[in-house]
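# Below: sequence and its predicted model.
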Amino acid sequence: MTAPDPDGPLAEQLLRLTRRVHRIQKRHLERRALGITPAQSRLLRTLAHYGSPPRMADLAERLEVVPRAVTTLVDGLEAAGKVRRAPDPANRRVIRIELTDDGRATLREVHRARRLAAEEILAPLTEEQRTVLGGLLDTLVDGPEAGRGGDDQGGCGAGQAGCGAGR
């Protein structure tokens, strides 16, 4: 007979919170009538992190999806005028994906929607609870490398703008 899983209820709470975060973010995106899906908003956010326009294969790797999924997302975003395909100046066989001005404006709205969703989720917490939660989230997000320079997100301490549940 196996012992009961003491972390089972905690894991379930974490999964329920994750689903709630996604639902609330989706609702805030829909209210803004941006005409994009949550997956497309993720691609826009990822695209914005590149210093120069990436290849579709780079996006697929960063998003941890198959290249075909990126093609479908880019097709929709391109049709909506949010991104454009551009030939690589060094190798015309390579296609790069870049944000358009409308895509950058949409990205600003996506960030606002995510910030509002985080505020809604965190509203019941006191400042002290938010600080504690921020520290706990840093530990969970950064994993065992926390505090040893292993953070690939550029650091995200408790209370910093854009950190925690609003990432």
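Yep, it's here. Numbering: from 1, shown residues only.

# helices and strands of this structure: which one has the lowest mean pLDDT?
helix 8-31 (a mean of 90; mean pLDDT, DSSP states H and E).

# Now do the buried residues in that one.
Using 16 or more other C-beta atoms under 10 Å as the test for burial, helix 8-31 gives V21, I24, Q25, H28, L29. Bear in mind the C-beta positions are built from the backbone N, C-alpha and C, glycine included.

# And for stretch 48-65?
Buried-residue list, stretch 48-65, by 16+ other C-beta under 10 Å: Y50, P53, P54, R55, M56, D58, L59, A60, L63, V65.

# Contacts for it next, please.
42-43, 46-47, 66-67, 69-71, 74, 86, 88, 94-99, 104, 107 (C-beta atoms under 8 Å, 6 or more residues apart in numbering).

# Show the buried residues in these.
Neighbour-count burial within the contacts of stretch 48-65 applies to L43, T46, L47, V70, V74, R96, I97, L99, L107; the criterion is 16+ other C-beta under 10 Å.

# So which of the residues you listed is the closest to L10?
Ranked by distance to L10 (C-beta to C-beta), those are led by T46 at 29.6 Å.

# quick one: contacts for that closest one?
L59, R62, L63.

# Let me know the distance separating it from P144.
25 Å (C-beta to C-beta, to the nearest Å).

# In contact with the most centrally placed residue in the chain, which residues?
Geometric centre of the chain, nearest residue: R42, 5.2 Å, by C-alpha atoms, centre = their mean. With contact set as C-beta under 8 Å, 6+ apart, R42 has these partners: L63.
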